[in-house]
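Chemist: Predicted structure and sequence below. I'll ask about it afterward.
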Amino acid sequence: MNLFSEMGKLLIIVGILFVAIGLLLTFAPNIPYLGRLPGDISIKRGNFHFYFPIVTCLLLSIIITILLNLFRR
């Protein structure tokens, strides 16, 4: 395969990823409990609010890993 063929495939994959990320950002507020799972860290003190969705990150990482492994096979 030549360089242009490989570059074309890479651009298609990057474009699909951009579309998927755009759809996720558009519809993420409508997904129930996303970002509010038990184990997510939220600290409120006066005017300061610290939020770290660690359990949500772990769950999304597991789901994405499973999906990518399914597509690789």
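Modeler: It's in.
Chemist: Pretty sure residue 51 sits in a helix.
Modeler: No - when DSSP: H, G, I helix; E, B strand; the rest coil is applied, residue 51 is found to be strand, with no helix at that position.
Chemist: Specify the beta-bridge partners of it.
Modeler: residue 42 (DSSP bridges).
Chemist: Show the pLDDT at it.
Modeler: pLDDT for residue 51: 91.
Chemist: try residue 1
Modeler: 61.
Chemist: Which parts of this protein belong to which domain?
Modeler: 1-31, 33-73 (automatic domain parsing).
Chemist: Tell me how far the residue nearest the centre of the chain lies from residue 31.
Modeler: Nearest residue to the geometric centre of the chain (C-alpha atoms, centre = their mean): residue 60, 6.4 Å. Distance from residue 60 to residue 31, counting by C-beta to C-beta, to the nearest Å: 11 Å. Any C-beta I mention is one placed from the backbone N, CA and C, and that applies to glycine too.
Chemist: how about the helices in the chain?
Modeler: All helices of the chain, identified by DSSP state H, fall at 3-27, 54-72.
Chemist: what's the closest of these to residue 38?
Modeler: Nearest of those to residue 38, taken as C-beta to C-beta: helix 54-72 at 6.8 Å.
Chemist: what is the mean pLDDT for the closest one?
Modeler: 89.
Chemist: Tell me the buried residues in it?
Modeler: Within helix 54-72, the residues that count as buried by 16 or more other C-beta atoms under 10 Å are residue 56.
Chemist: Equivalent analysis for stretch 14-33, please.
Modeler: Buried, per 16+ other C-beta under 10 Å, within stretch 14-33: nothing.
Chemist: Show me the contact partners of that stretch.
Modeler: residue 34 (C-beta atoms under 8 Å, 6 or more residues apart in numbering).
Chemist: Show me how far that stretch is from its chain's centre.
Modeler: From the chain centre to the centre of stretch 14-33 is a distance of 8 Å (C-alpha atoms, centre = their mean, to the nearest Å).
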